[in-house]
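>>> Return a 3D structure for these sequence lines:
(one chain, ligands or ions: 1)
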Amino acid sequence: MIEMKRVSKVYSNGTRGLNNINLRIEQGEFVVIVGLSGAGKSTLLRSINRLIEISEGDIVINNQSITKAKGNELYRIRRDIGMIFQNFNLVKRSTVLRNVLSGRVGYHSTFRMILGLFPKEDKKRAIDALHRVNIAEKAYIRADQLSGGQQQRVSIARALAQGSRFILADEPVASLDPLTTNRVMNDLRRINQELDITMIVNLHSIELARKYATRIIGMKQGEVVFDGTAEEATDDVFDIIYARSLDVDMPRSAGE
Ligand code: ADP
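Numbering: from 1, shown residues only. Model (predicted):
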């Protein structure tokens with residue numbers, strides 16, 4: 001379970017990325033966050049695993065505050081949270097298997113990891129994860145030899161090998177074609193349903209949000225302006241989420 005309590009983020013240049021967010025996400029939900037570019041989706045997602053430090057409030061993951069956690073405690077909480085990025089974030093010159101194994105780094109000593117000594121169970125776990133996303137036959141191929149969709153599935157496998165209970169995905173299909181997009185989204189859905197891993201996914205496609213989300217959160221100017229099921233997210237709701245506020249960006253015409 002993830003709880004955000006009165007969370008705000010003000011960037012050093014004064015921009016307010018998040019404004020008083022209160023949310024509770026239960027284990028097993030498939031949450032899609034939608035909103036215009038600049039609405040705060042990425043800030044919200046990256047606050048959850050503290051890739052971004054919040055300015056106010058508290059974020060609690062399975063009853064432990066990640067906001068207050070330090071050292072080993074922070075490390076352990078972070079192990080439960082996998083992250084998937086638009087650009088896949090793979091080590092391109094390493095094999096697929098090595099990339100997936102890197103999800104296990106948090107479980108071993110630095111010394112072991114410098115030598116690249118992963119135990120046999122880790123390799124088994126990594127191969128199992130690759131099977132889950134139907135890409136095990138690519139295990140010994142260099143990551144940069146794969147298509148975008150395949151690379152994104154490798155990054156999903158890495159989050160699985162990590163043993164994450166939550167996966168945060170920041171625009172995971174933004175650079176993929178429509179067919180590949182559906183394959184990757186189907187993988188995320190299957191993993192969510194079969195392994196009960198909570199998904200929190202930023203998407204800009206309304207169609208995909210409706211198709212995959214069990215819950216849609218609409219953001220605008222750093223605030224949550226809608227929180228409900230896909231059925232409740234009607235066209236009118238999306239019109240509000242995606243309405244630009246005229247007084248902020250639009251130059252006024254002469255004479256007004
Ligand atoms: P989204 O993911 O919905 O496009 P972001 O979370 O990236 O939105 O951005 C929310 C707001 O915070 C925007 O106004 C953006 O310009 C601002 N912002 C994001 N990152 C930074 C940063 N590093 N420094 C200053 N402002 C930022």
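>>> what about stretch 39-57, distance to the chain center?
How far stretch 39-57 lies from its chain's middle: 11 Å, per C-alpha atoms, centre = their mean, to the nearest Å.
>>> Pull that stretch out as CSV, backbone CA atoms only.
What follows is the C-alpha trace of stretch 39-57 in CSV, where atoms were taken according to Å, rounded to 0.1, in the frame of the first residue of the first chain:
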residue,chain,number,x,y,z
ALA,A,39,0.7,18.6,-14.9
GLY,A,40,3.0,16.8,-12.4
LYS,A,41,2.7,13.2,-13.3
SER,A,42,6.4,12.5,-13.5
THR,A,43,7.1,14.4,-10.3
LEU,A,44,4.4,12.4,-8.5
LEU,A,45,5.8,9.1,-9.7
ARG,A,46,9.4,9.9,-8.9
SER,A,47,8.5,11.1,-5.5
ILE,A,48,7.2,7.7,-4.6
ASN,A,49,10.7,6.1,-4.7
ARG,A,50,12.5,9.3,-3.7
LEU,A,51,14.1,9.9,-7.1
ILE,A,52,12.7,13.4,-6.3
GLU,A,53,12.7,14.7,-2.7
ILE,A,54,9.4,16.2,-1.7
SER,A,55,9.2,19.6,0.0
GLU,A,56,6.3,18.8,2.4
GLY,A,57,4.3,15.9,3.6
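>>> hmm, that stretch in reach of the ligand?
Yes. When contact is scored as C-beta under 6 Å from any ligand atom, part of stretch 39-57 falls within range of the ligand: 39, 40, 41, 42, 43. In this view, the C-beta of every residue, glycine as well, is placed from N, C-alpha and C.
>>> Chain neighbours aside, what residue packs nearest to residue 65?
residue 58 (5.5 Å; C-beta to C-beta, 6 or more residues apart in numbering).
>>> ok, back up a step: residue 141: which of the residues of stretch 39-57 next to the ligand is nearest?
When the residues of stretch 39-57 next to the ligand are ranked by distance to residue 141 (C-beta to C-beta), residue 42 comes first, at 30.6 Å.
>>> what packs against the strand or helix carrying the closest one?
Here residue 42 sits within helix 41-48, counting by DSSP states H and E. Counting by 3 or more C-beta pairs under 8 Å, 6 or more residues apart in numbering; DSSP states H and E, the packing neighbours recorded for helix 41-48 are strand 2-10, strand 16-25, strand 30-34, strand 56-61, strand 166-170, strand 198-202.
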